[in-house]
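*Asks:* Next come a sequence and a model predicted from it.
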Amino acid sequence: MTTRRSFLILAAGAAAAPALAQVPANIQALRRAALQEAVRKVTGGAAIRSGKVKLDIPPLIDNGNSVPVTVTVESPMTPGDHVQAIHIFTEKNPQPNVLAARLGPRSGRATVSTRARIADTGIVMALAQLSDGSFWSDEANVVVTLSACLEDGLI
Amino acid sequence: MRALLLPLAIAATSVAADIPLDKRLSGYEFMSRETRALQDDEATGPAVFALLDGEALWKPCAGCHGDAASSMNGVAARYPRFVVSKNAVLNLEQRINACRTDKLKAAAFAYESKELLALTAYVGRQSRGVPIAITLDEKTRPVLEQGRKLFFRRQGQLNLACAQCHDERWGKKLAGSTIPQAHPTGYPIYRLEWQGMGSLERRLRNCLSGVRAEPYAYGSPELVSLELYLMWRARGMPLETPAVRP
Amino acid sequence: MARVVVSMQPTAKRGDVIEIRTLAAHPMETGFRHSQTGELLPRDIITRLTCTYNGVEVFRADLAQAVAANPLVIFTTVATESGTLEFRWTGDNDYIATHTAQLTVV
């Protein structure tokens, strides 16, 4: 039997559905899961340790279209002990990957910089893969602000 | 918005609201350290490609003007300017196009085209560091007054005047962003919001649509008069072209 | 029209770690934006940057849509010997850009 309460909830959901058609209600959960999946693709589920990795990103961002990001990893970068890869991920973008850099002893230092697009306030993560198979990470919480007056398609 | 509008008592031509000359700050001062670094990055900043393209587009101009670094030094800091051959005040974009059509017998570049932005950025770059110096005489004064009136006039559905934000509330927040003083010290700019280069007129049209007013057309007398007033208001401040802004 | 910029010192001491700054002219269209009329603008991005040093790959970056327009990538390499560094960008719609730089190692 459909109670009045559940009918109202269903009706409200149906009325709201067209407005929310573009973005599912559980978008945050979906994006978090996508981030975790992207990380798992790299680590294969192995443990990730904190330390060694330094993610340099402004905590308050003028505009999310171009955000300078630098990742540095403590490492001697010798053939026996070096960083093989640095991955950068975001939590709040439509897809979680930013950049994956392949390094090696020829790199001299374990560092990479770029300018990222960060769609919304949230977590940015840097993940380093070392030659001994270990994974290390650093995270930052960034606040993204937006221009007060947007063009709305007017050029 | 109500909080903004209620306590206001704006005199239409309030000179008292003008920012004192020694209190003027470029938009650069309101940006984060990281965004400033983008502007300062001469080798790989986001405006670099526009400058390289502008350098290539300068070649036909070199026939008369030779090396841009010397011939164009100081030029952008003096625009908008009364141009005798056109009997009108022109902005730099219009001046470049006038030269192209009259002297090179070439087609004018469209407003906001990649070419015009690149060439204007390149010409402007030759005046980086030069203090803005707008000529005030019987030709420019009427246009300046028209620009000043527009700056102080309430417009659009939000019924806001430029002066209310940029003379009276600079430094305060509007929707999370700090309100700058609105000095056009670095145009054309690489705007992070646009993910590309754009002119002062594009930025002014943004502001106008921001207060829900009908934006004036590119190259319109209204926009040129507003540009003249804004550059005069920024007199003495060093040019930063091409600047980076959020 | 300019395609790429590489900023790198032309000479170095053997064993020095040098910084290389690269910039490519590209809109990096994400594939998530819509046009005025509601159509999805298709993805068009640079997906990979490689750097070889006398033929040996010393750096590779895989880029996603979240890299800003006109992608900047900065990395380092050890100045091992004099020679040629070759940079190669590839991406959607058969995008290719290359750049060569000479490094003199003393």
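*Replies:* That came through fine. Note that the structure is predicted; figures quoted are calculated from it, not measured. Numbers count the residues shown, from 1 in each chain, chains lettered A, B, ... in the order given.
*Asks:* From now on I want contacts and neighbour counts done on CA atoms only, so please keep to that.
*Replies:* OK.
*Asks:* Would you mind listing what in chain B touches chain C?
*Replies:* B:A43, B:T44, B:P46, B:F49, B:L52, B:D53, B:A56, B:Q195 (CA under 8 Å from any CA of the partner chain).
*Asks:* one more time with 10 Å
*Replies:* B:43-54, B:56-57, B:115, B:192, B:195-196 (CA under 10 Å from any CA of the partner chain).
*Asks:* Could you report the neighbour count for B:A118?
*Replies:* 28 (other CA atoms under 10 Å in any protein chain shown).
*Asks:* Check which helix or strand it maps to.
*Replies:* B:A118 belongs to helix B:114-125 when elements are defined using DSSP states H and E.
*Asks:* List the buried residues of that helix.
*Replies:* Across helix B:114-125, burial judged by 16 or more other CA atoms under 10 Å in any protein chain shown covers B:K114, B:E115, B:L116, B:L117, B:A118, B:L119, B:T120, B:A121, B:Y122, B:V123, B:G124, B:R125.
*Asks:* Same question for stretch A:139-146.
*Replies:* Buried-residue list, stretch A:139-146, by 16+ other CA under 10 Å: A:E139, A:A140, A:V142, A:V143, A:V144, A:T145, A:L146.
*Asks:* same question, stretch C:50-63
*Replies:* If you call a residue buried by 16+ other CA under 10 Å, then stretch C:50-63 has these buried ones: C:T50, C:C51, C:T52, C:Y53, C:E57, C:V58, C:F59, C:R60, C:A61, C:D62, C:L63.
*Asks:* How much space separates the last one from chain B?
*Replies:* What that stands for is C:L63. According to CA to the nearest CA, to the nearest Å, C:L63 stands 17 Å off from chain B.
*Asks:* How about the most centrally placed residue in chain C, nearest residue that isn't a chain neighbour?
*Replies:* Residue closest to the mean C-alpha point of chain C, counted by CA atoms, centre = their mean, is C:L49 at 4.5 Å. Leaving aside its chain neighbours, C:L49 sits nearest to C:W89 (4.5 Å; criterion: CA to CA, 6 or more residues apart in numbering or on different chains).
*Asks:* chain center to the longest strand anywhere in chain C: distance?
*Replies:* With DSSP state E setting the assignment, residue counts place strand C:95-105 as the longest strand in chain C. Mean-position distance between strand C:95-105 and its chain equals 10 Å (CA atoms, centre = their mean, to the nearest Å).
*Asks:* Give the pairing partners of it; include direction for each.
*Replies:* Here strand C:95-105 has these sheet partners by DSSP bridges: strand C:11-12 (parallel), strand C:83-91 (antiparallel).
*Asks:* could you redo the ones you listed as CSV and give each row mean pLDDT and mean neighbour count?
*Replies:* Below are those laid out as CSV (pLDDT from 0 to 100; neighbours: other CA atoms under 10 Å in any protein chain shown):
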stretch, mean pLDDT, mean neighbour count
strand C:11-12, 97, 16
strand C:83-91, 97, 18
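*Asks:* so which of these gets nearest A:K41?
*Replies:* With CA to CA as the criterion, A:K41 lies closest to strand C:83-91 of the strands paired with strand C:95-105, at 22.1 Å.
*Asks:* Just to be sure, A:I86 is in a strand?
*Replies:* Yes. With DSSP: H, G, I helix; E, B strand; the rest coil as the criterion, A:I86 is part of a strand.
*Asks:* for the nearest residue to it once chain neighbours are set aside, which residues make a bridge with it?
*Replies:* Distances taken as CA to CA, 6+ apart place A:A128 nearest to A:I86, at 4.6 Å, with adjacent residues excluded. When assigned by DSSP bridges, A:A128 has beta-bridge partners A:I86, A:W136.
*Asks:* Isn't A:M77 up against A:D132?
*Replies:* No. Taking contacts as CA atoms under 10 Å, A:M77 lies outside contact range of A:D132: 11.9 Å.
*Asks:* Compare the two and say which is more crowded by neighbours.
*Replies:* Legend: neighbour count by other CA under 10 Å for A:M77 and A:D132, higher for A:M77 (21 against 11).
*Asks:* mind checking how far the closest residue to that one other than its chain neighbours is from C:V6?
*Replies:* Nearest non-adjacent residue to A:M77, counting by CA to CA, 6+ apart: A:P105, 4.8 Å away. Shown here: A:P105 relative to C:V6, a distance of 22 Å by CA to CA, to the nearest Å.
*Asks:* ok, now B:T185?
*Replies:* 28 Å.
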